[in-house]
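Visitor: Mind folding the following:
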Amino acid sequence: MDYRKAGVNINAGERLVEMIKPLAKATRRPEVIADIGGFSALFDGKFKKYKHPVLVSSTDGVGTKLKLAFLLNKHNTVGLDLVAMSVNDIITCGAEPLFFLDYFACGKLDPKIAAQVISGIAAGCKQANCTLIGGETAEMPGFYPAGEYDLAGFVVGVVDKSKIIDGSKIRPGDIVLGLPSSGPHSNGYSLIRKIFTDRELKKYQKELFAPTKIYVQEVLSAVRRLPSAIKGIAHITGGGFLDNIPRILPAHCQVVIQEGNWKIPPVFVVMQEKGKVPFKEMYRTFNMGIGLVLIVAEKDVPRVSALLKGSIIIGQVTKGNKDEVKIV
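Guide: Below you'll find the model as predicted:
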């Protein structure tokens with residue numbers, strides 16, 4: 001017996017590393033000292049443009065959207081989803097993403113498929129202006145069904161302590177802006193796969209498999225140009241509007257969402273009707289066409305909207321119970 005007969009092909013893993021290196025190099029920031037190929041990655045922490053740098057981190061996965069990748073045999077965008085879920089989280093406090101690490105696990109390693117996945121990760125890192133600095137590939141025979149894999153990712157960013165966006169300045173009367181999503185992003189796919197047959201999943205693949213939108217550069221540009229205008233940012237992921245918006249609100253503030261202020265993408269309407277999904281459940285499971293929510297003072301809305309093209313006024317902050325988001 002040897003390791004290969006047991007199901008682990010070390011040579012395939014080494015080939016994958018060589019395929020990854022140019023992808024990672026294309027994302028490299030000047031602060032990187034050592035990255036892909038070593039036992040650890042090194043990033044120079046001399047943050048000259050920050051007076052009091054605070055490191056910010058987040059980790060996430062792609063969830064059962066991967067089942068759609070397997071069904072469609074398309075693997076070059078789920079890596080972008082992976083990056084998006086983490087970098088969109090850390091920009092909610094105003095942090096700049098610095099570097100990203102991935103974890104790719106499978107039963108039998110196919111370097112070509114793995115390279116497609118990681119090309120998506122590299123593309124996401126380029127969009128977010130962060131470095132793919134390292135990661136781990138795990139081949140675990142018998143642990144995953146044939147042809148399937150799992151993904152997880154981890155990002156580290158930085159923000160100046162005096163510029164952290166924490167929602168504490170939100171007040172009744174503030175306006176809620178929404179940035180459109182590209183689709184369901186990477187949430188709700190366990191329900192989506194219950195609603196649709198495989199044939200229907202393929203029919204709606206353009207809407208359902210669209211990569212998660214990365215909001216990093218446009219949002220951070222607005223934060224830097226209007227440092228005090230944006231009071232709170234919520235990433236609309238699992239839990240939808242109802243669970244994510246309250247996470248950034250002070251105790252005395254409540255958000256009221258005006259449903260008719262934006263056009264809900266048709267695929268969500270189809271899902272609600274076909275699955276007979278209750279109204280509240282839709283807003284607690286899906287982003288309903290809004291991937292990121294920003295709260296700003298009413299006087300600052302014109303300036304912020306001018307910088308965030310496509311932003312929509314979707315609601316307002318009122319006095320009330322912060323945990324009860326109203327949708328009217």
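
Visitor: Name the SS class of Ser305, please.
Guide: Following DSSP: H, G, I helix; E, B strand; the rest coil, we place Ser305 in the helix state.

Visitor: That one contacts Gly178, doesn't it?
Guide: No. Applying C-beta atoms under 8 Å as the test, Ser305 and Gly178 come out as separate, 11.0 Å apart. Using the backbone N, CA and C atoms, a C-beta is placed for each residue, glycine as well.

Visitor: and those two? which has more neighbours close in?
Guide: More neighbours surround Gly178 than the other of Ser305 and Gly178, with 26 against 18 (other C-beta atoms under 10 Å).

Visitor: Heading C-terminal from the helix or strand that one falls within, find the next helix or strand.
Guide: Using DSSP states H and E, Gly178 sits within strand 175-180. Note on strand 175-180: by DSSP H and E, the next helix or strand toward the C-terminus is helix 189-195.

Visitor: quick one: the residue most central in space within the chain and Glu148, what's the gap?
Guide: By C-alpha atoms, centre = their mean, the chain has its centre lying nearest to Met85, at 1.8 Å. Taking C-beta to C-beta, to the nearest Å as the measure, Met85 falls 19 Å from Glu148.

Visitor: go on, Phe279?
Guide: Going from Phe279 to Glu148 by C-beta to C-beta gives 34 Å.

Visitor: Of those two, which one has the most company?
Guide: Set side by side, Phe279 and Glu148 show more neighbours around Glu148, with 15 against 10, by other C-beta under 10 Å.

Visitor: Strands along the stretch 51-200 of the chain, start to end?
Guide: 53-61, 96-106, 131-139, 149-160, 175-180 (DSSP state E, counting those that start in this stretch).

Visitor: Out of those, which is closest to Val78?
Guide: strand 149-160 (6.6 Å; C-beta to C-beta).

Visitor: Quick check: neighbours of the closest one in the sheet, parallel or antiparallel?
Guide: Strand pairing for strand 149-160, determined by DSSP bridges: strand 53-61 (antiparallel), strand 96-106 (antiparallel).

Visitor: List the contacts of the residue nearest to the centre of the chain.
Guide: 60-62, 153, 185-186, 212, 237 (C-beta atoms under 8 Å, 6 or more residues apart in numbering).

Visitor: Then Lys65?
Guide: 78, 81, 186, 189, 209.

Visitor: Can you say which of those are buried?
Guide: Taking 16 or more other C-beta atoms under 10 Å as the criterion, what is buried in those is 78, 81, 186, 189, 209.

Visitor: And the third one, how close does it get to Val62?
Guide: Okay, so that is Ser186. 5 Å.

Visitor: Mind listing the shared neighbours of these two?
Guide: Common contact partners of Ser186 and Val62 (C-beta under 8 Å, 6+ apart): 81, 85.

Visitor: report the longest helix in the protein, please.
Guide: Criterion DSSP state H: the longest helix present in the chain is helix 111-128.

Visitor: Against which helices or strands is it packed?
Guide: helix 10-25, helix 78-90, strand 96-106, strand 131-139, strand 149-160, helix 216-225 (3 or more C-beta pairs under 8 Å, 6 or more residues apart in numbering; DSSP states H and E).

Visitor: Show me what it is in contact with.
Guide: Residues outside helix 111-128 that contact it (C-beta under 8 Å, 6+ apart) are 12, 15-16, 19-20, 23-24, 26-27, 75-84, 87, 97, 100, 102, 104, 106, 131-132, 135, 137, 149, 151, 153, 211, 214, 216-217.

Visitor: how about it: buried residues?
Guide: By 16+ other C-beta under 10 Å, the buried positions in helix 111-128 come out as 111, 113-128.

Visitor: How many residues are close by the closest residue in space to Gly120 that isn't next to it in sequence?
Guide: Nearest non-adjacent residue to Gly120, counting by C-beta to C-beta, 6 or more residues apart in numbering: Gly79, 2.8 Å away. As a burial measure, Gly79 scores 28 neighbours (other C-beta under 10 Å).

Visitor: so Gly79 touches Leu151, yeah?
Guide: Yes. The pair Gly79 and Leu151 qualifies as a contact (C-beta under 8 Å) at a distance of 7.3 Å.

Visitor: Can you pull the residues that touch both of those two?
Guide: Joint contacts of Gly79 and Leu151 (C-beta under 8 Å, 6+ apart) are 102, 117.

Visitor: Doesn't Gly232 belong to a strand?
Guide: Yes. Assessed with three-state DSSP, Gly232 lies in a strand.
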